[in-house]
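1. Only the shape, not the letters, is given here:
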């Protein structure tokens, strides 16, 4: 793309910052001419590479520009809270500066787990995550994974495998990512059931049931129908693991491979309707995988399903398998009617065969048969007197598209329950079910997406359905709005577990606004119209914000003394245990440089966050902890007076929005507390001290977001060694403890 600037411009960077609203902690405000404000527009610059009018072409074919669009003019404001205040910097102007940051890779993190028969989670321990055969990550004992998305990937399709404990099926998933950002999402996998023994030299049939236990289908494997991974015929006893995904069970649907979508004849990705896929794997007695070799037959009882027919009288059904490359369902073949003799009766079955040796997931789709009138020319009459005439005939085609028209629904995630500022990187799950489906509905579609920079995502469903949506952020459920931003009279139902049930009906334009549901053809309007009606979600816990006085390095008040491109860039976190019932509390930590050791130095900035509970302990949600970032002690880069070595950091910590007085319960004796109050404390972090988990202080180095992400994970788990996940453990290796109940 060529960008041209007029001769009057100083550089190619837009000097006007883009709006970025930041929510202030409850009880804090900014005094301005229009009154007290609970939100502040801090502004942001694009960070793109730019050039100014004085630069000269290097004469080479290489891009020699090393300047980026960043803040050039900052102003500070005071944020006033009930018992303290802190400073916040606003970007007033952007311009070409030295590139202090590096282009961040897209990163995906989250937890992989299965849901057992009791509804509890079983995490994928030491599992592997692959993309196109390349290992991207290994999960922790808590099922956590994190990896950078390969640069050449447009749609991320990964396979989760369980090579050590072998409790899970290999599962293909399409994960969402945002270029340059970290997206956190849960991945539900399919647990293996108990194995079924078979002998490879004998044919074998298995009945497939549903939630009522009634068999409606079967699968038959031929004799001598398996090989090892090298293609050698396998003879002997084998273990078959088979899991039928009941489309009426949400947990089953979420654990199935990929999404229920396919690519239609126009190249669009469309939702499909399923009778329920099944997953299978076959292993020898040592646990080594076996591959299918030959025709396996799938047989469906025609009397138990309502299936339309094609023009030639055959069932209008197709068999599909999940592509490990694209993450969508690929057509394998058509079904046909066959008559079988059972118990002296002739019964009709719908039969299909598959021969692909490495198929693990299958699905069947009810497709649409459409007719069209075709015009053609032909000759009529006697051989010695023929006339060319035009005629028409009806042609029937099977097309790969949904039975009914598709719709899209608009969702927006917010930073907090004020529902003011959009939150990017939130995963929204969208499950479709027919209208008035009853207590045990058949879920007929599933889509998942990640909110963009404005907090918006649009997801497909089937028009006329009653789909259900829920949102997750940092592996935790968000809560839906009590009212949502929808037209008056638009019906919805918020469930207790954070789900919202809605009506997939397009109401057109009301009061100049469209949404929250659009026809599929209007999906671009859904994505690109930020002021349209939409469904709203927000996190329960207060989200973390770092308000730096000076965002660039090499300045006296810089939060980081190293740019993001340097591997020695350092991040520091402090862990605070807080026993607390409410979720609206904010923990604010202001860092100052401490030349005189009296804490009166200027501020580096303030970090705010909310306490988190251990999500694996649902009955202990009062037991929380907060990990707050502070400016690491050490050198100060002062462009006026020169560098200052070994400067301590003075940390003021305050609890905001607590309804009761808190009681200090424990202090780490290794730390230098200057004061400890009921809702606040002050701590000095010394330079050249080998802090670590025993101090309740966690430090990590690394370029880009690596230092921040790793130090935060260390803090939450209370360990900086081994395979660390990010589940908050409130009781492990804290700096200080409070009881606010």
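-> Looks like it came in fine. Note that this is a predicted model, so its numbers are computed, not measured.

2. Okay, now the unreliable bits of the stretch 51-200 of the chain?
-> Applying pLDDT under 70 to the stretch 51-200 of the chain picks out residues 53-65, 100-104.

3. mind listing the strands for the stretch 501-650 of the chain?
-> For the stretch 501-650 of the chain, the strands defined by DSSP state E, counting those that start in this stretch occupy 517-519, 535-538, 545-548, 570-579, 586-593, 603-609, 612-613, 623-630, 634-636, 644-647, 649-656.

4. Let me have the ones you listed in CSV, extended by mean neighbour count and distance to residue 334.
-> Yep, even glycine has a C-beta here, placed from its N, CA and C like the rest. Converted to CSV, those look like this (neighbours: other Cβ atoms under 10 Å; distance: least, Cβ to Cβ, whole Å):
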stretch, mean neighbour count, distance to residue 334
strand 517-519, 22, 30
strand 535-538, 25, 39
strand 545-548, 19, 56
strand 570-579, 24, 57
strand 586-593, 25, 59
strand 603-609, 25, 56
strand 612-613, 21, 52
strand 623-630, 25, 56
strand 634-636, 18, 69
strand 644-647, 13, 74
strand 649-656, 24, 64
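
5. Nearest to residue 194, out of these?
-> Ranking the strands of the stretch 501-650 of the chain by proximity to residue 194 (Cβ to Cβ) places strand 612-613 first, at 34.5 Å.

6. Can you name the next helix or strand after the helix or strand of the chain with the lowest mean pLDDT?
-> The weakest-scoring helix or strand in the chain, judged by mean pLDDT, DSSP states H and E, is strand 361-366 (a mean of 35). Downstream of strand 361-366, the next assigned helix or strand under DSSP states H and E is strand 368-382.

7. and that next one, what other elements does it pack with?
-> strand 385-399 (3 or more Cβ pairs under 8 Å, 6 or more residues apart in numbering; DSSP states H and E).

8. Can you name the next helix or strand after the strand it packs on?
-> strand 406-413.

9. partner strands of that following strand, parallel or antiparallel?
-> Strand 406-413 sits in its sheet next to strand 456-462 (antiparallel), strand 517-519 (antiparallel), strand 535-538 (parallel), going by DSSP bridges.

10. any idea how far the longest helix anywhere in the chain is from the chain center?
-> As assigned by DSSP state H, the longest helix anywhere in the chain is helix 706-717. Distance, stretch centre to chain centre, for helix 706-717: 19 Å (Cα atoms, centre = their mean, to the nearest Å).

11. what bits of the stretch 251-400 of the chain have low per-residue confidence?
-> 253, 257-276, 323-328, 330, 342-346, 355-370, 396-400.

12. hey, where'd the strands end up in it?
-> 261-263, 269-271, 278-284, 289-292, 296-301, 317-322, 329-334, 336-342, 345-354, 361-366, 368-382, 385-399.

13. Please enumerate the helices of the protein.
-> Under the criterion DSSP H, the chain contains helices at 250-255, 523-528, 706-717.

14. Could I get these in TSV, plus columns for mean neighbour count and distance to residue 631?
-> Output for the helices of the chain, formatted as TSV (neighbours: other Cβ under 10 Å; distance: least, Cβ to Cβ, whole Å):
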stretch	mean neighbour count	distance to residue 631
helix 250-255	21	41
helix 523-528	16	39
helix 706-717	23	13
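
15. For those helices, give me JSON lines that also has distance to residue 123.
-> Below are the helices of the chain laid out as JSON lines (distance: least, Cβ to Cβ, whole Å):
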{"stretch": "helix 250-255", "distance to residue 123": "14"}
{"stretch": "helix 523-528", "distance to residue 123": "34"}
{"stretch": "helix 706-717", "distance to residue 123": "14"}
